[in-house]
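K.L.:
Take a look and give me a structure for this.
(chains A, B and C)
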Amino acid sequence: MDAAPHPPRFTFRRADRLTHAREFQAVYKAGVRKVRGPLIVFALPNGLPRARLGLSVGRRVGNAVARNRVKRLVRDAFRLERHALPPGYDLVVSVRPHEPVGLAEHRAHFSAAWRALDKEWRRREQRRGGGDAPIDPTTDASGGASGGTSGGTP
RNA sequence: CGGCGCGGGCAGGCGGCCGCCGCCGGGAUCAACACCCGUCGGAGGAAAGUCCGAACACGACAGGACACGGUGGUGGGCAACACCCACCCGCUCGCCGGGUCGCGAGCGAGGGACAGUGCCACAGAAAGCAAACCGCCGAUGGCCCUCUUCGGGGGGCACAGGCAAGGGUGAAAGGGUGCGGUAAGAGCGCACCGCCCGGCUGGCGACAGCCGGGGCACGGUAAACCCCACCGCGUGCAAGGUCACGCAGUCCCCGCGCGAUCCGUCGCGGCGCCCGGUCCGGGCGAAAGGGGGCGGGUAGACCGCUGGAGCGCGUCGGCAACGGCGCGUCGAGAGAAAUGGCCGCCCAGCCGGGCCCCGGAGCGAUCCGGACCCGGUGGACAGAAUUCGGCUUACAGCCCGCGUCCGACC
RNA sequence: UGGGGAUUAGUGUAACGGUAGCACGACUGAUUCUGGUUCAGUUAGUCUAGGUUCAAAUCCUAGAUCCCCAG
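P.N.:
Below you'll find the predicted structure:
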């Protein structure tokens, strides 16, 4: 539970991923997104000391090899940039069809989008709560998830 | 050497750093499948398309018949197949300008059209049963004219009748070519070719060869319905199983009769319900339940999940596909879904330049090819999803092996 | 992953195995001062490649593309 001790590690394992449809739905439902290059990045505060990533790459991007490559590049971008960027968000990256690009370009686009999303959420929190508790993402995330499934239809 | 064809193999390599998944071992922790450390392993020849065949699971012990679907030369291989191998037959091409044989390559869903039905547009007289539009003939019979030695002869008509050669239509018109024959013709006769029937020989067989007979009746289409033979139950790992969490019910249908009775039941007949598309058949039922519709809830974890018709080598059998035996060997198991990213060097290949050298052409200037050096560029198609066997489709290039590169006769 | 369906002119759709039609559109001309309407005419197609058949949009095989469904 203690944030990255001394050496920041550039890992990315299962706990750092979004693994269920309800988590994806919660992030989509929050409706906060930024577009940079071929990436459409959604974000939602998750109440955890780290960021988590989910990927959505449609068939239109290319065949299975091309889609796998894009996902690996975006994962590497997340892995290498996560310590330099604000934690505590669930991020979903949707990829639009595009010409193949390298890792450096993905890192630049991803971190730019991430910073813009952090800025957007801070602005929202200030407008709503004023000097209230800055973020209470635990209830926010869980409430959003359960609210999204049960109270979404009406 | 090169071109073409066939078969087999590879699918860039090495190093550093940052990462991902799994097995095993160790550590930390109250404990752990979570965390940390370490060893080892981690995409393909097509993993693809999902076109066939199986394994496996459930449904009812998956059994019989029908329906439906599939397959279709023969023999073999295989767990099985629509796959593979060998052979047969047919067609096309090459060796040659033509023919025959032979060799080579390619293609073929290649059983049955006297079991039945359908269809064959347009054109054409006629499209399947024989017929006759233009036409040919008119020997024989008829009519007319004429000659006559009174026996008959000659000419005409195309009425009866004979014919299917030629024309024409068509994809296809009831064997083909030639000779004889005839009034004209026709397998009417003959020769060769084709076809049909029978026999013998060879072959496991498809079939082939030879001999004899028959003048010949048999159109096409079954990737039209169909017939025959053989095969096939349905659904699919999101199959299916275990655990956890969670919810709300409601509506409809069925739930028999007789007899015996020691009142526990038993027998008989039917009935009802359920079970594959239907039937046979099977199971359940007697106040205990069974089935269906609508609605509601959960969609988390684990097992299935990778050692198998497995792979490699040797040897034996077989033309081969493949099989027997022996030895060795373990090569991914993810789950919003791993097997990657960056950097450096090197190697094929491609582009540009240089030029001492080598080979070829030319009288020659020079040109072409190769080797060498420098710079640039720099890998195709494509990503396991229950697992195998095939098929099909995509693919930069490289390596190895084999075959072939002017057949005989007229 | 599994299952089902479709593909005909620029678009939407017809067609027992026998000449590919129809509507809207586009283009040209006429009518009009111009445009529209109307009239006449033209254009252009069976997803691709093989096979069966005398003959294929249709039958068969393989491939391509698109859509839908289950979960």
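K.L.:
How far off centre is the helix or strand that contains A:R75?
P.N.:
Using DSSP states H and E, A:R75 sits within helix A:64-81. The chain centroid and the centroid of helix A:64-81 are separated by 14 Å under C-alpha atoms, centre = their mean, to the nearest Å.
K.L.:
repeat for stretch A:114-123
P.N.:
12 Å.
K.L.:
Kindly report the same for stretch A:88-98.
P.N.:
6 Å.
K.L.:
Could you pull out the buried residues of that stretch?
P.N.:
Buried residues in stretch A:88-98, counted by 16 or more other C-beta atoms under 10 Å: A:88-95. For the C-beta atoms, the positions are set from N, CA and C on the backbone; glycine is no exception.
K.L.:
Please read off the pLDDT at the residue of chain A found nearest RNA strand B from the model.
P.N.:
Among all residues of chain A, A:A21 sits closest to RNA strand B, at 2.8 Å; criterion: C-beta to the nearest atom of the strand. With respect to pLDDT, A:A21 has a value of 78.
K.L.:
That one: neighbouring residues, count only.
P.N.:
Taking other C-beta atoms under 10 Å as the criterion, the count of residues near A:A21 is 10.
K.L.:
If you count contacts, what does the host helix or strand of A:S94 end up packed against?
P.N.:
In the assignment (DSSP H and E), A:S94 maps to strand A:89-95. If you count contacts as 3 or more C-beta pairs under 8 Å, 6 or more residues apart in numbering; DSSP states H and E, strand A:89-95 packs onto helix A:21-30, strand A:39-45, strand A:52-57, helix A:64-81, helix A:103-129.
K.L.:
partner strands of that strand, parallel or antiparallel?
P.N.:
Sheet pairing for strand A:89-95, assigned by DSSP bridges, gives strand A:39-45 (antiparallel), strand A:52-57 (parallel).
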